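> could you look at this predicted model? Sequence included:
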Amino acid sequence: MIFLLFALLFSATIKDKAYLLEINGVIDPVVSDYIKAEFKEIPDDTLIVIKLNTPGGLMDAMQEIVSEILNKQAIIVVWVSPEGAKAASAGTFITLAGDFACMSDNTTIGSAHPVSMGMVKMDEVMKKKIVEDALSTIRGLAKRRNRNIKIAEETVKDAKSLNSEEALKVGLIDFKANSMKEILEKLNGEKIKKKEKEYVLETKEIKIIEKRMPLIKRFLHSLSHPNIAYILLLLGIYGLIYEASTPGVGFGLAIGTVSLILAFFSLKVLPINLAGVLLIIIGIILMFLDLTVGTLGILTVAGIVSIILGGMMLVREGFLRVSPLLLISTAIVLGIFTILIFGAIIKSQRKKPETGKEGLIGMKGKVIEKIEEGKEGLIFIRGEYWKAISFKEIEEGKEVIVKEVKGNLLVVE
């Protein structure tokens, strides 16, 4: 009886359900929240497969995910998939944290050397501390899962990257698999111990339950992409410039403010180069200045070049970069937009008013009642009768030109 109770407490067979989660993109707080929420909901003593494809991300978010994997009383498989996927940087740590680590064909793992995220640069002392911390973490994970410690360390120290064949050969992963079916077949019959509990995996007929990221989290997560960050930054700056160029408060301020808030959220989780951000801002300002000072397009061309260079420098990590096609196309579109839209706005602002009192200045009218020097008379202009004054005498029937408007009195000559 005691032996039976002991067996129930310290052993379990996983055969009913397997849960499939997916991480696709930068490792950010949204992904971390998604994993924590799903792990809290999924019962213990089950099988969880995390399908992973990431270029890296925030260390804090990665450490939270690793902690969830290590402490969840369930068997966690981290699967780098589909073909062409990568478990780079933070993804390497997450993969090595799994109770089982596997990769599809033509996938890569590694390049785990830490890089600073956001727009804050690290000094050499801080860089060394972060690298040492990363080394300690990955060394501990590899030792815990009985994986190649030396190769794991090289992914951090030397930014070493391996394909699935190489990773399997050196013992960085447990097996290769190109489908969930293949994973379940290879896990069937495996025995593994986790947190003093022995698990037997009977996965041949197990039911797979997909747990997708909620819609709102998918939206927030989609923002942490260099192309999205670049577009939002441009929209935000342009929106505010448009608002400053037009009277009142309206569309430009709303679009600009929302875009910049979303851009800053995106920039926070990407390895941003501040010089790139400044070049983009300078480029937009140069194109706007071209319209006001009139350099015949010289500043617009300089602005386009500045925006393209800024976009190229915006993200510092090799796997994460703004698409060259997007850089060129948006710069050209912005140049055309600046010339057409802002040009029309500035032209309209410089144009003499045609309505209201100010529209009367420069117009010709006819004297209806004689105007004596320094005294008021009456003129007919633009279909209306106006009181008028002049510094010299003007006879009835004479033509006059409006020089100034003082309230309801016109100054003519």
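Ah, there it is. Given the structure is predicted, the values throughout are model-derived calculations rather than measurements.
> find the nearest non-adjacent residue to Lys86, please.
Thr108 (4.7 Å; CB to CB, 6 or more residues apart in numbering). Heads up, the C-betas are built off the backbone N, CA and C, glycines and all.
> ok, which stretches of the stretch 101-250 of the chain are strands?
Ranges of strands within the stretch 101-250 of the chain are 108-110, 161-163, 175-176, 191-194, 197-201, 207-210, based on DSSP state E, counting those that start in this stretch.
> who does the residue nearest to Lys86 bridge with?
Applying DSSP bridges to Thr108 yields these beta-bridge partners: Lys86, Asn163.
> any idea how many residues pack against it?
Residues lying near Thr108 (other CB atoms under 10 Å) number 21.
> could I get the full set of helices for the stretch 251-400 of the chain?
All helices of the stretch 251-400 of the chain, identified by DSSP state H, counting those that start in this stretch, fall at 251-268, 274-293, 298-313, 324-337, 343-350.
> need the winner for burial among the ones you listed.
Using mean count of other CB atoms under 10 Å, the stretch among the helices of the stretch 251-400 of the chain with the greatest mean number of neighbours is helix 298-313 (a mean of 20).
> what angle do it and helix 274-293 make?
160 degrees (axes from the mean of the first three to the mean of the last three CA atoms, to 10 degrees).
> send me stretch 204-217 as PDB with only the CA atoms.
Extracted in PDB, the C-alpha atoms of stretch 204-217 (Å, rounded to 0.1, in the frame of the first residue of the first chain):
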ATOM      1  CA  LYS A 204       1.600   7.300 -29.700                       C
ATOM      2  CA  GLU A 205      -2.200   8.000 -29.400                       C
ATOM      3  CA  ILE A 206      -2.000  11.300 -27.400                       C
ATOM      4  CA  LYS A 207      -4.400  14.100 -28.200                       C
ATOM      5  CA  ILE A 208      -2.800  17.400 -29.300                       C
ATOM      6  CA  ILE A 209      -4.400  20.700 -28.000                       C
ATOM      7  CA  GLU A 210      -3.100  23.900 -29.600                       C
ATOM      8  CA  LYS A 211      -2.900  27.000 -27.400                       C
ATOM      9  CA  ARG A 212      -2.500  30.000 -29.600                       C
ATOM     10  CA  MET A 213      -1.500  33.400 -28.500                       C
ATOM     11  CA  PRO A 214      -4.600  35.600 -27.900                       C
ATOM     12  CA  LEU A 215      -5.400  38.200 -30.600                       C
ATOM     13  CA  ILE A 216      -4.500  41.300 -28.600                       C
ATOM     14  CA  LYS A 217      -1.200  39.800 -27.600                       C
END
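> quick check: which ranges of the stretch 151-300 of the chain have low pLDDT?
242, 244-250, 269, 271, 290-297 (pLDDT under 70).
> can you rerun that using 50?
The stretch 151-300 of the chain contains residues with pLDDT under 50 at 248.
> break the protein down into its domains, please.
10-217, 223-350, 357-412 (automatic domain parsing).
> re earlier: take the strands of the stretch 101-250 of the chain and lay them out in TSV including distance to Val49.
Formatted as TSV, the strands of the stretch 101-250 of the chain follow (distance: least, CB to CB, whole Å):
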stretch	distance to Val49
strand 108-110	17
strand 161-163	21
strand 175-176	13
strand 191-194	14
strand 197-201	12
strand 207-210	8
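> out of the ones you listed, which is the most enclosed?
strand 108-110 comes out most buried of these by mean count of other CB under 10 Å, with a mean of 25.
> packing partners of it?
For strand 108-110, the packing partners by 3 or more CB pairs under 8 Å, 6 or more residues apart in numbering; DSSP states H and E come out as strand 86-88, helix 90-97, strand 161-163, helix 164-169.
> nearest to Ile76, out of those?
helix 90-97 (7.6 Å; CB to CB).
> residues making contact with the closest one?
Contact with helix 90-97 is made by 23, 27, 50, 52-59, 61-63, 65-66, 69-70, 76, 78, 80, 87, 101, 103, 109-112, 134, 137-138, 141-142, 145, 147, 152, 155, 172-173, as judged by CB atoms under 8 Å, 6 or more residues apart in numbering.
> what's near enough to touch the spatially closest residue to Lys157 that is not a sequence neighbour?
In space, and not counting its chain neighbours, Lys157 is closest to Leu135: 6.8 Å by CB to CB, 6+ apart. Contacts of Leu135 were listed using CB under 8 Å, 6+ apart, and they are Glu153, Val156, Lys157.
> now do the same contact list for the closest residue to Ile328 other than its chain neighbours.
Distances taken as CB to CB, 6+ apart place Ile308 nearest to Ile328, at 6.5 Å, with adjacent residues excluded. The contact partners of Ile308, by CB under 8 Å, 6+ apart, come to Gly283, Leu327, Ile328, Ala331.
> quick revisit: for the contacts of Leu135, pick the one with the most neighbours.
Neighbour counts for the contacts of Leu135 peak at Val156, which has 25 neighbours (criterion: other CB under 10 Å).
> please report how far that one lies from Leu135.
Distance from Val156 to Leu135, counting by CB to CB, to the nearest Å: 5 Å.
> report the contact partners of the nearest residue to Ile284 once chain neighbours are set aside.
Sequence neighbours aside, Ile237 is the residue nearest to Ile284 in space, at 5.2 Å (criterion: CB to CB, 6+ apart). Going by CB under 8 Å, 6+ apart, Ile237 touches Gly256, Leu260, Ile280, Ile281, Ile284.
> among the strands of the stretch 101-250 of the chain, which is nearest Glu41?
strand 207-210 (10.9 Å).
> centre of the chain to that closest one, how far?
31 Å (CA atoms, centre = their mean, to the nearest Å).
> which other helices and strands contact it?
Identification of packing neighbours for strand 207-210 by 3+ CB pairs under 8 Å, 6+ apart yields strand 17-24.
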